[in-house]
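**Student:** Compute the structure for the input listed below.
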Amino acid sequence: MEGQRGSDRRDDQLLEAAALGGLREDLVPAREQALQLLAGRPVRGDRVGIAWLRSTCGACSFCTTGRENLCEASTYTGWTHDGGYATHCCVPEAFAHVIPPEFDDTEAAPLLCAGIIGYRALRRSQVPRGGRLALFGFGSSAHITLQVARHWGCTVYAVTRDAAHRRLALDLGARWAGGTHEALPERVDAAIVFAPAGGLVPVALQSLQKGGTVALAFALAHPERISKLVVSDAAAAFPPEGRQAFAVMAEKVAEGGLGSIAEIAAKRVFSPAYLAAHPEKIEERKNVLLAIDPKAFQAACKILQETDLVPQLHRLKVPTLVVCGEFDQATPPALNKQIVEKVAGARYIELPGCGHCPPLEQPKQFLAAIGDFVGL
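**Tutor:** Reported below is the predicted structural model:
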């Protein structure tokens with residue numbers, strides 16, 4: 001419990017723990033507790049849940065663009081604040097999640113941690129409804145993700161070293177389940193890596209259909225387990241002219257929506273030669289851009305204007321490989337080389353004739369470039 005029951009904070013809600021399925025309350029998982037609201041407003045008396053993410057500042061660029069998990073002032077249930085194993089605890093009102101009556105406590109509790117992680121990774125994977133999805137690692141998050149993906153009509157493939165987990169994946173509707181050294185029956189539209197094992201990243205990349213997406217859910221939860229880093233077409237900071245370009249784009253989007261910059265932004269992704277051979281790609285990328293929330297795009301432009309990570313690059317201590325397309329217009333080779341110059345021992349590979357997105361434009365060449373480094 002935070003302080004005394006009569007908390008001074010107007011937005012803090014006093015909660016009483018509910019016993020889950022007859023389990024002793026002191027054994028309820030700390031990040032997955034369903035509770036009964038005792039006092040506070042505006043959800044007095046409602047059954048609510050507290051997730052792992054307990055609070056954020058609500059005002060920074062991350063909080064205002066739907067990326068609260070990156071907030072520098074974030075707090076966590078059972079880590080920075082008491083809760084989870086307690087009989088009573090306090091939580092800010094905005095983070096007291098009302099539990100729908102359709103769920104009982106034991107059904108709702110896993111959704112507050114594993115469910116949130118899995119659903120966020122599923123959304124970030126951009127798998128289309130009815131598409132093909134691969135899950136690497138099959139623990140608490142993945143088994144919920146599989147069920148949501150099947151509800152979306154997706155064909156799901158599970159990769160896990162545990163035989164019992166493979167059987168569970170098949171029972172839950174996976175079309176195929178295999179070990180980490182087995183090839184998938186077909187290429188997929190998207191993959192999610194849940195297992196905290198960096199060696200699975202190149203395996204996941206190889207399983208993708210051209211243009212597929214890998215969501216690195218494990219990297220957010222286990223940064224200490226990243227043994228190597230591949231940076232592709234990036235910048236630690238932008239020069240004044242680049243920052244001004246982001247300011248202009250944000251202003252245009254504010255005035256005329258994403259349609260005002262979609263075509264020029266789409267053209268900057270690929271090299272001129274690739275666009276000449278694949279003109280349909282402009283329309284594809286425009287559609288991707290037009291699906292973005294304009295406010296989120298403006299906030300991202302603001303972040304790119306303000307960010308300067310160059311002074312911190314020397315603190316990177318993991319082996320690092322930087323890959324860049326020769327004709328990258330968005331983050332030119334010079335900006336990528338700046339990263340190499342500041343990170344001790346970093347290596348640089350430039351892909352001839354390629355634009356800003358080598359995994360999309362030259363997937364085979366990209367995999368070949370990183371192959372020795374990641375152990376393909």
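**Student:** all contacts plus neighbour counts: C-alpha atoms, from now on.
**Tutor:** Fine.
**Student:** So what's the residue count around residue 206?
**Tutor:** If you count neighbours by other CA atoms under 10 Å, residue 206 ends up with 19.
**Student:** Tell me who's in contact with it.
**Tutor:** Residues in contact with residue 206 (CA atoms under 8 Å, 6 or more residues apart in numbering): none are found.
**Student:** which SSE is residue 284 in?
**Tutor:** Secondary structure from DSSP states H and E places residue 284 in helix 280-290.
**Student:** Could you identify the helix or strand that succeeds that helix?
**Tutor:** Taking DSSP H and E, what comes next after helix 280-290 is helix 294-306.
**Student:** next one: phi and psi at residue 60?
**Tutor:** Note on residue 60: backbone dihedrals following degrees, to the nearest 10 are phi -70, psi 170.
**Student:** Would you check how far apart it and residue 73 are?
**Tutor:** 9 Å (CA to CA, to the nearest Å).
**Student:** do the same with residue 157
**Tutor:** For residue 157, the distance to residue 73 equals 37 Å [CA to CA].
**Student:** Spell out which residues make up each domain of the protein.
**Tutor:** Following automatic domain parsing, the chain resolves into domains at 12-111, 115-226, 232-374.
**Student:** what's the span of the last one from first residue to last?
**Tutor:** Criterion CA to CA; first-to-last residue distance in domain 232-374 is 14 Å.
**Student:** which one of residue 157 and residue 73 has more residues nearby?
**Tutor:** Relative neighbour count places residue 157 above the other of residue 157 and residue 73, with 25 against 12, counting by other CA under 10 Å.
**Student:** what about the more buried one, which SS state?
**Tutor:** With DSSP: H, G, I helix; E, B strand; the rest coil as the basis, residue 157 sits in strand.
**Student:** which other residues reach stretch 326-333?
**Tutor:** 233-235, 268-271, 324-325, 350-357.
**Student:** From the residues you listed, which land in strands?
**Tutor:** Using DSSP state E, the subset of those located in strands is 324, 325, 350, 351.
**Student:** Need the pLDDT of the nearest residue to residue 229 once chain neighbours are set aside.
**Tutor:** Leaving aside its chain neighbours, residue 229 sits nearest to residue 320 (4.7 Å; criterion: CA to CA, 6 or more residues apart in numbering). We have a pLDDT of 87 for residue 320.
**Student:** got the buried residues for stretch 344-359?
**Tutor:** With burial defined by 16 or more other CA atoms under 10 Å, the residues of stretch 344-359 counted as buried are 344, 346-351, 353-359.
**Student:** just stretch 149-165 next, same as before
**Tutor:** Neighbour-count burial for stretch 149-165 [16+ other CA under 10 Å]: 149, 150, 154, 155, 156, 157, 158, 159, 160, 161, 165.
**Student:** List just the nearest of the residues you listed to residue 123.
**Tutor:** Lowest distance from residue 123 to the buried residues of stretch 149-165 (CA to CA) belongs to residue 149, with 10.1 Å.
**Student:** Now do the SS call for the closest one.
**Tutor:** State at residue 149, reduced to three classes by three-state DSSP: helix.
**Student:** where does it land on pLDDT?
**Tutor:** So residue 149 comes in at 95 (pLDDT).
**Student:** do the same with the one 3 residues further on
**Tutor:** The per-residue pLDDT reported for residue 152 equals 94.
**Student:** Double-check it against residue 129; I have them as touching.
**Tutor:** Yes - using CA atoms under 8 Å, residue 152 is in contact with residue 129, at 5.3 Å.
**Student:** and stretch 174-185, which residues are buried?
**Tutor:** Under 16+ other CA under 10 Å, the buried positions of stretch 174-185 are 174, 176, 177, 178, 179, 180, 184.
**Student:** how close does the residue nearest to residue 66 when sequence neighbours are not counted get to residue 253?
**Tutor:** Distances taken as CA to CA, 6+ apart put residue 296 closest to residue 66, at 8.0 Å, once the chain neighbours are dropped. As for residue 296, its distance to residue 253 is 11 Å (criterion: CA to CA).
**Student:** and if you look at residue 236?
**Tutor:** Taken as CA to CA, the span from residue 236 to residue 253 is 24 Å.
**Student:** before we move on, what about residue 110?
**Tutor:** Noted for residue 110: a distance of 39 Å to residue 253, by CA to CA.
**Student:** Residue 55 now?
**Tutor:** Separation of residue 55 from residue 253 (CA to CA): 30 Å.
**Student:** the more surrounded of the two?
**Tutor:** Between residue 55 and residue 253, counting by other CA under 10 Å, residue 55 is the more crowded of the two (21 against 18).
**Student:** Could you double-check that the more buried one sits in contact with residue 71?
**Tutor:** No - at 9.3 Å, residue 55 does not count as touching residue 71 under the criterion of CA under 8 Å.
**Student:** Residue 275 against residue 282, yeah?
**Tutor:** Yes - between residue 275 and residue 282 a contact is recorded at 7.5 Å, counting by CA under 8 Å.
**Student:** intersection of neighbour lists for those two?
**Tutor:** In contact with both residue 275 and residue 282: residue 267, using CA under 8 Å, 6+ apart.
**Student:** wait, what's in contact with residue 97?
**Tutor:** Going by CA under 8 Å, 6+ apart, the list of residues near residue 97 reads 48, 49, 50, 51.
**Student:** Which members of those residues are the farthest-apart pair?
**Tutor:** Maximum pairwise distance among these (CA to CA): 9.9 Å, between 48 and 51.
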